[in-house]
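1. 3D model of this:
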Amino acid sequence: MTTVQLEYIVAVDTYRSFVVAADKCFVTQPTLSMQIQKLEDELGIKIFDRSKLPVVPTEIGVAVVEQARIILKENGRIKEIIAGHKKEVQGNLRVGIIPTLAPYLLPRILTGFMKKYPKVKLEIWEYPTEQIVQQLKQEQLDCGLLATPLQNPSLEEHPLFYESFVVYAAKTNNLFEKKYIKPEDIDVREVWLLNEGHCMRNQVLNICRDKFTMGEYKNLEYNTGSVETLKRMVDLNAGYTILPELSLQELSARQMNMVRYFKSPEPVREISLVTHRFFIKQALIAAFKKEILAHVPEKMKVQKNRKVVDITLER
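-> Presented below is the predicted three-dimensional model:
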């Protein structure tokens, strides 16, 4: 039994395809299949049911693959120990981040992080929450930057900051006349929303849950995954939307005049660095976390007088 064979069975379990697994492991499919066959012969079991498409592990194969993942994690910790002893931060860090956070946080931190840690290769993907969670569990990502709490026992959440939600209202809307907004002022029939699949959509609906009936919307339902599009819809078509506070940094003075904060306790989203429960690359992730916190406004690091909005739609 070799670590290479364990890597191959984990890859097949992750991608549910011998062809794709071989490609991800940078070997030919016959090579990968031969090594897995050798391992199965040595153990005297079938790890995968090859008669099904996609390929699935057998009942005993599920347990073997799970143990293989643990062994590979522990094997990776040896490199962590050596890097820690040398006081080096190096290696690949695969990060998933939700689209409503990426354009407002990453530009603040990436240049400085790469200069400080030239031996680190960052690989970043923008995905919705559900996809990041799935890839963390399958070890295709090392960490994720997400709105939490997720309440997933397979994952560990490390809260970083609390980002306020604000109202962005056109001058023609009655909310523009208010100094502060209360949740009961928000009517979901008038607000521009992100499309389904974005946790921020659920959070906005939870903020104004007392003023809407599911399915009760304005005549025009515009589906977008972009916070920037929501701003433009307000600028050009009136109405209002709800934005995360970091998205305000590029607004003009005229646009900032259209921003209204909520009355205390402010609704906020908790942004956390999320890892698998048995994550490795601790030094890398710690350095990444430190860089993020160095570029987040101090007021966002405190939850006092703020209410974390659930990412799951309350019914």
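2. Hmm, residue 119 is touching residue 92, no?
-> No - Residue 119 is not in contact with residue 92 according to Cβ atoms under 8 Å; the separation is 10.4 Å. In short, each C-beta sits where N, CA and C put it, glycine included.
3. mind checking the end-to-end distance for stretch 272-288?
-> Criterion Cα to Cα, to the nearest Å; first-to-last residue distance in stretch 272-288 is 12 Å.
4. no no, stretch 15-27
-> Distance across stretch 15-27, first residue to last, is 15 Å (Cα to Cα).
5. buried sites along it?
-> Under the neighbour-count criterion of 16 or more other Cβ atoms under 10 Å, stretch 15-27 has 15, 17-18, 20-22, 24-25, 27 buried.
6. Do me a favour and average the pLDDT over it.
-> Confidence over stretch 15-27 (mean pLDDT, whole number) is 94.
7. can you list the residues that contact that stretch?
-> Under the contact criterion Cβ atoms under 8 Å, 6 or more residues apart in numbering, stretch 15-27 has outside partners 7-8, 11-12, 14, 28-29, 31-33, 36, 54-56.
8. Only whichever of those residues are buried, select them in ChimeraX.
-> A single ChimeraX command selects the buried members of the contacts of stretch 15-27 (16+ other Cβ under 10 Å):
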select :7,8,11,12,14,32,33,36,55
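9. Of the contacts of stretch 15-27, which is the nearest to residue 243?
-> Checking the contacts of stretch 15-27 against residue 243 with Cβ to Cβ, the nearest one is residue 14 at 36.1 Å.
10. Now do the same for that closest one: helix, strand or coil?
-> The three-state assignment at residue 14 reads helix, by DSSP: H, G, I helix; E, B strand; the rest coil.
11. Adjacent strands (with direction) for the longest strand along the chain?
-> Longest strand of the chain, by residue count under DSSP state E: strand 155-169. Using DSSP bridges, strand 155-169 pairs in its sheet with strand 240-244 (antiparallel), strand 259-262 (antiparallel), strand 266-276 (antiparallel).
12. Now find how far off-centre that strand is within its chain.
-> Distance of strand 155-169 from its chain centroid, counting by Cα atoms, centre = their mean, to the nearest Å, is 12 Å.
13. Then stretch 66-76?
-> Relative to its chain's centre, stretch 66-76 lies at 24 Å (Cα atoms, centre = their mean).
14. ok, residues contacting that stretch?
-> Under Cβ under 8 Å, 6+ apart, the answer for stretch 66-76 is 3, 6-7, 9-10, 139, 278-281.
15. Make a PyMOL selection of the buried ones in these.
-> Of those, the buried ones can be selected in PyMOL as follows, counting by 16+ other Cβ under 10 Å:
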select buried, resi 6+7+9+10+139+279+280+281
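16. where does the stretch 201-315 of the chain have low pLDDT?
-> Residue ranges of the stretch 201-315 of the chain with pLDDT under 70: 209-225, 314-315.
17. Please apply the same query to the stretch 51-200 of the chain.
-> The stretch 51-200 of the chain contains residues with pLDDT under 70 at 83-87.
18. at 80 instead, please
-> 76-77, 79-88, 188-190, 193-198 (pLDDT under 80).
19. Do a quick rundown of the helices in it.
-> In the stretch 51-200 of the chain, the segments counted as helices under DSSP state H, counting those that start in this stretch are 59-85, 102-116, 129-137, 199-207.
20. Name the stretch among these that sits most buried.
-> Ranked by mean neighbour count, those are led by helix 199-207 with a mean of 22 (mean count of other Cβ atoms under 10 Å).
21. Give the other helices and strands that that helix contacts.
-> In terms of contacts (3 or more Cβ pairs under 8 Å, 6 or more residues apart in numbering; DSSP states H and E), helix 199-207 is packed against strand 143-148, strand 155-169, strand 240-244, strand 266-276.
22. Try it again at 7 Å.
-> If contacts are counted by 3 or more Cβ pairs under 7 Å, 6 or more residues apart in numbering; DSSP states H and E, helix 199-207 sits against strand 143-148, strand 240-244.
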